[in-house]
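Asks: Have a look at this prediction, sequence included:
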Amino acid sequence: EDIAQEVFIRVYKGLPYFKHQSKFTTWLYRIVHNVAISEIRKNRPQLASAETLEKLPTTVRQDNPSEALTEKQVKEKLGKALDDLPENYRMVLLLYYMEGVSYTEISRILDLPIGTVKTYLHRGKKMLRQSLFNLSNPQQYIP
């Protein structure tokens, strides 16, 4: 809600400066992108560590405390690994895997060519694998 309000305020204030050199929707997407990136930067620690990782499916039975502890440790390491990724890679991975956004939409949201989105996705997964190398079976946690 707050983000939508911020977008509308920026659009309203920016309308006199819109030069019609591009489509209105392109200009609007750029404003949405900038507001979203600002919000993500403000809430960066929460994004990868808490909110996003809560969406991960449970892979162990909750009735076994030692397995639950292991799952908690895995999520903590994954959160740390995500925090360590460059922002572009992290954004693409989170949008694709956690939010289910398509390549085309990620391309539009982040203003990147689709090929770059695919490259960031591939390289981001590779970086995560390297960061999670100390886990007993890191391939199990990375799509």
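Replies: Here it is on my side, so go on.
Asks: Go ahead and confirm Ala36 touches Leu110.
Replies: No: if you go by C-beta atoms under 8 Å, Ala36 and Leu110 don't touch, sitting 9.3 Å apart. The way it works is simple: take the backbone N, C-alpha and C, and place the C-beta from them, glycine included.
Asks: so which strand or helix has Asn34?
Replies: Secondary structure from DSSP states H and E places Asn34 in helix 24-42.
Asks: Tell me the buried residues in that helix?
Replies: Neighbour-count burial for helix 24-42, counted by 16 or more other C-beta atoms under 10 Å, picks out Trp27, Ile31, Val32, Val35, Ala36, Ile40.
Asks: Adding distance to Glu87 as columns, could you present these in CSV?
Replies: Listed next are these as CSV, based on distance: C-beta to C-beta, whole Å:
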residue, distance to Glu87
Trp27, 23
Ile31, 19
Val32, 17
Val35, 16
Ala36, 12
Ile40, 8
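Asks: Alright, I will stop here.
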